[in-house]
Each structure stands twice: as C-alpha cells, then as structure tokens.
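Colleague: A structural model of the following input is requested.
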Amino acid sequence: MLYEIRFHGRGGQGSVTAAELLVKAALAEGKWGQSFPFFGAERRGAPVTAFARISEEKYFLHSPITEPNVVVVLDKKILDVVDVTAGLKENGMLVINSGNFSKESSYGFRVCYVDATKIAFSLGLSVAGWVIVNTAMLGAIVKAVPLIRLESVVNAIRHNWPGRIGEINAESARRAYEEAVVL
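Modeller: Numbering: from 1, shown residues only. Take a look at the predicted model:
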C-alpha cells in the first residue's frame, strides 16, 4: 500500500525536515519512500507544505500529493488560512499539534493530536524564539499510523543530528508518541 502524507506548517518549524526524516526511517526498514517540499519565496512564519510517500513496493510517482492518506499540521493556526483537509482521503488521518482537539472539530476525519509545542518548549527545542515541533510531530505520526516503528524514527533523528541535539530531538519524538491522543 502506498501512503501519501502532506505536512502543513510554517517556515522554520521543520515541516520539510520532518518529511525527510520520516522517509529516512522508512528506507531503513526496507520500504520505498520520497520526500519533497512545495514552497516559493517563503520566509520564517509563512505557510509551507511538504510531502512524503512511503510504500512497501517500488513506485514511480513524482508529483505533489493532492489526495493524502495523512495530513500533518504543525501549527494549529494554519487551519485558519489553509484548507488542510482538501483532498484528504475518506478514511484519512489528521495529525495535529494541539493541546486539545475535539471530535467535533475533526472535519469528519480520524484525528490524532499532541501538544508538540509544549513538548518541544520543555526540551528547549527552539531557534531564534521559534519552537521547533517537527520531531515531536514525527512521534505522533508513528502513533497515529503504525506504518513505521518509533525506533526507526528515533534512529533517523539521531543520524541527522549526532550528539546532544539528536538525543533531545529523539526524546521529543518519544514523548509525543507517549502523549499523543488518537480519537
């Protein structure tokens, strides 16, 4: 089965890096994958979209994802300016950075939410005053859609950032996995 994942965030939150790390984790498990961003002259804080495809079998698609299985929202305020559920498949999953999210707010989709901002802030994951939530959101994705093992994501994070920064980001993913709520 081909899983298509669309990330919505703001420039500087790590949407593109999250998509890349998710694919690296899938590749380490012997799956096929690709990640790519979609943005123009974005700046820190502007809406950004990134994509990831993961499959058990080889595929040859190289286009933007218009009908994802999963939509990941790194900033809840994006919901006010972007229709993040556009094209989300009927049984799709919405994974959102939020301290609370009601089933009534789910747009009729399955939902997984986690307060990634709180987790990242508590671990000191910020750059220039911006809290970086991407690795926490990876933990929530893995809980919401058991497509890849958490340890594979943790290893991809550690490989991307060796040393202390990698360990802090790995802890962010682990905590989000534990704290994420699937409705």
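Colleague: Now for residue 33, how many residues are close by?
Modeller: Residues within reach of residue 33, counting by other Cβ atoms under 10 Å, total 22. All C-beta spots, glycine's among them, are computed from the backbone N, C-alpha and C.
Colleague: How about it: what's its closest non-neighbour residue?
Modeller: Leaving aside its sequence neighbours, residue 33 sits nearest to residue 23 (Cβ to Cβ, 6 or more residues apart in numbering; 3.7 Å).
Colleague: what about that neighbour, helix or strand, and which?
Modeller: Taking DSSP states H and E as the criterion, residue 23 maps to helix 15-28.
Colleague: Any buried residues in that helix, and which?
Modeller: 15-28 (16 or more other Cβ atoms under 10 Å).
Colleague: re the thing from before, so the residue nearest to residue 33 sits right up against residue 35, yeah?
Modeller: Yes - the pair residue 23 / residue 35 is scored as a contact, 4.3 Å apart, by Cβ atoms under 8 Å.
Colleague: in this protein, which spans are strands?
Modeller: Using DSSP state E, the strands of the chain run over residues 2-10, 32-38, 47-55, 70-73, 93-97, 110-114, 126-127, 130-131, 181-182.
Colleague: coming back round to it: figure out how far the helix holding residue 23 is from the centre of its chain.
Modeller: Offset of helix 15-28 from its chain centre (Cα atoms, centre = their mean, to the nearest Å): 9 Å.
Colleague: Same check on stretch 24-33?
Modeller: On Cα atoms, centre = their mean, the centre of stretch 24-33 falls 16 Å from that of its chain.
Colleague: now do stretch 157-164
Modeller: Put simply, stretch 157-164 sits 18 Å off its chain's centre (Cα atoms, centre = their mean).
Colleague: end to end, how far does it reach?
Modeller: The first and last residues of stretch 157-164 sit 11 Å apart, counting by Cα to Cα, to the nearest Å.
Colleague: Quick one, which of the strands of the chain gets closest to residue 148.
Modeller: Checking the strands of the chain against residue 148 by Cβ to Cβ gives strand 47-55 as the closest, at 7.2 Å.
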